[in-house]
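Asker: Fold the following for me, if possible:
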Amino acid sequence: MMLTGIRQMEMREVPDPVLSDPHDVKVRLLVLGICGSDIHYYVSGRIGSQIVSYPFTVGHECAGVVVETGSAVTRVKKDDIIAVEPAMWCGTCEQCLAGRHHTCRRLRFLGCPGQAEGALSEYIVMPENSCFPLPANLNPDHGAISEPLSIGIYSVKKAGDTGNSDIAILGYGPIGMSVMLAAKSQGASSIYVTDMIDRRLEIADKEKASWTGNPSKEDIVKKIIGSKPLGLDIVFECCGKQEAVDQAVELLKPGGKLVIVGIPGFDRWALDVDKTRRKEISIQFIRRQLNCVDDSIRMMSEGTIDISNMATHRFPFEKTKEAFDLVDGYHDGVMKAMIDF
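Answerer: Presented below is the predicted three-dimensional model:
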């Protein structure tokens, strides 16, 4: 299913991918979750310097069944149900050698223009180190959702010690929800959640958020500070909106930490110099995730994290464009739309 223009998409027949390396794994896709970055490419044809050249296939949150393996593959075998880590790194650049393969100089990422065609396809080929077998008590949805969940887990790790901390999550889409699930598992003391879609806030309430609020209907800074007059320890910006960063600066206590996870549709953030300087706020940007896929799978398998409230809508593969339009318009309170192959 290929992007053919702005908000244009069509299904095309292409040759099956083939194994080209002894460590390659051929995967038949079972399910794919639509990510906000997929929507950026759908509606604007770019994210920053990554510009779509049409036709192009997006999609990267996926799980499938192994149908063929290269001669050197030992990690998975035929018929295994696996989660797919969409990043493919070189292993030899200075970033990889420093243990930062998520910022590999030669990184190839599923569905990223100029890097690799995406996973909205019946078959894909991935290196074996991008393939994670699922325990018997997890299903393909868990495999696909392990990708955004790993970003949430990584974001919480980069925030530092969230145990007994007062935090806010501004933007409660799938990434915001992933951050909340990870923070809950680490014992966050109180979790304040905001979003402009009331149905999403209802999900946050189900997940036992301390407080939820819609910034389009109320002054969320006033409400939260009324409850926590000294301010919050950590704020996660998960919607890519300038207003959320402004709110975060107001909400944080001196010495607090702003974690920017969201991908904006613009090129530059603006910060209040006086408040960020006087409060000595630390700012941490998040680039996808690092070494957290195993954690996400383990925590789901053990029951530490329950993702059952995340997938809210399902579409067959041939109706992928309907799914993208739903997510693009935030219709029907969508949290995560899943494509079934």
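
Asker: Run a quick neighbour tally on residue 13.
Answerer: 4 (other CB atoms under 10 Å). Yep, even glycine has a C-beta here, placed from its N, CA and C like the rest.

Asker: Which parts of the stretch 1-150 of the chain are helices?
Answerer: 36-44, 94-97, 140-159 (DSSP state H, counting those that start in this stretch).

Asker: after the last one, next one along is what?
Answerer: The first helix or strand that comes after helix 140-159 along the chain, using DSSP states H and E, is strand 166-170.

Asker: Tell me the helices and strands packed up against that next one.
Answerer: With contacts defined as 3 or more CB pairs under 8 Å, 6 or more residues apart in numbering; DSSP states H and E, strand 166-170 has these neighbours: helix 174-185, strand 190-194, strand 232-237, helix 242-251.

Asker: possible to save those as a markdown table with distance to residue 209, mean pLDDT and mean neighbour count?
Answerer: Output for those, formatted as a markdown table (distance: least, CB to CB, whole Å; pLDDT from 0 to 100; neighbours: other CB atoms under 10 Å):
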| stretch | distance to residue 209 | mean pLDDT | mean neighbour count |
| --- | --- | --- | --- |
| helix 174-185 | 7 | 98 | 26 |
| strand 190-194 | 4 | 98 | 24 |
| strand 232-237 | 13 | 98 | 27 |
| helix 242-251 | 15 | 98 | 20 |
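
Asker: Minimum distance to residue 32: which of those has it?
Answerer: helix 174-185 (13.0 Å; CB to CB).

Asker: Show me what that closest one is packed up against.
Answerer: helix 140-159, strand 166-170, strand 190-194, helix 198-206.

Asker: now the helices and strands packed on strand 166-170 in a markdown table, with distance to residue 64?
Answerer: Below are the helices and strands packed on strand 166-170 laid out as a markdown table (distance: least, CB to CB, whole Å):
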| stretch | distance to residue 64 |
| --- | --- |
| helix 174-185 | 20 |
| strand 190-194 | 32 |
| strand 232-237 | 30 |
| helix 242-251 | 35 |
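
Asker: now for those, which one comes closest to residue 147?
Answerer: helix 174-185 (9.4 Å).
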